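K.L.:
I'd like to go over a predicted model; first the sequence, then the structure.
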Amino acid sequence: MSNEQKKPWEDAILLLICLVIALTAVGVIVWVVISGRIMDLDGMLLAATCLVLILAFGGNLAWSLRTGEAQSVLASLLKRDDKKSYEKQ
């Protein structure tokens, strides 16, 4: 691994992907429960798989929120956007 500093947009994309996957898994679980497929073995396994996805990707997102990484990424992206808009004026 190189010693280059990671760009804030890389972290933002990672957090966005984690958010999308976790929310999709929650949606699938809701769909499985509403459609009544939770009573079948396939529905239970699908719900269990989605719970594991929520744990993995939602945990990463929750950890970044707890440690302040998400806030610092958002702040650095907003600061960079403000600097670009200021330079254009």
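P.N.:
Here it is on my side, so go on. Computed from a prediction, not measured in an experiment: that's the story for all the values here.

K.L.:
all contacts plus neighbour counts: C-alpha atoms, from now on.
P.N.:
Will do.

K.L.:
thought residue 74 was touching residue 12?
P.N.:
Yes. Shown here, residue 74 and residue 12 form a contact pair, counting by CA atoms under 8 Å, at 7.4 Å.

K.L.:
do a quick rundown of the helices in this protein.
P.N.:
With helices called from DSSP state H, the chain shows them at 8-35, 41-53, 59-67, 69-88.

K.L.:
list the contacts of the nearest residue to residue 50 once chain neighbours are set aside.
P.N.:
Once its chain neighbours are removed from consideration, residue 50 has its nearest residue in residue 25; the separation is 5.0 Å (CA to CA, 6 or more residues apart in numbering). For residue 25, the contact set (CA atoms under 8 Å, 6 or more residues apart in numbering) comprises 50-51, 53-54.

K.L.:
let's go with 10 Å and repeat that
P.N.:
Going by CA atoms under 10 Å, 6 or more residues apart in numbering, residue 25 touches 19, 31, 46-47, 49-54, 57-58.

K.L.:
quick one: it from residue 7, how far?
P.N.:
28 Å (CA to CA, to the nearest Å).

K.L.:
give me the pLDDT for residue 25.
P.N.:
In the prediction, the pLDDT value recorded for residue 25 is 98.
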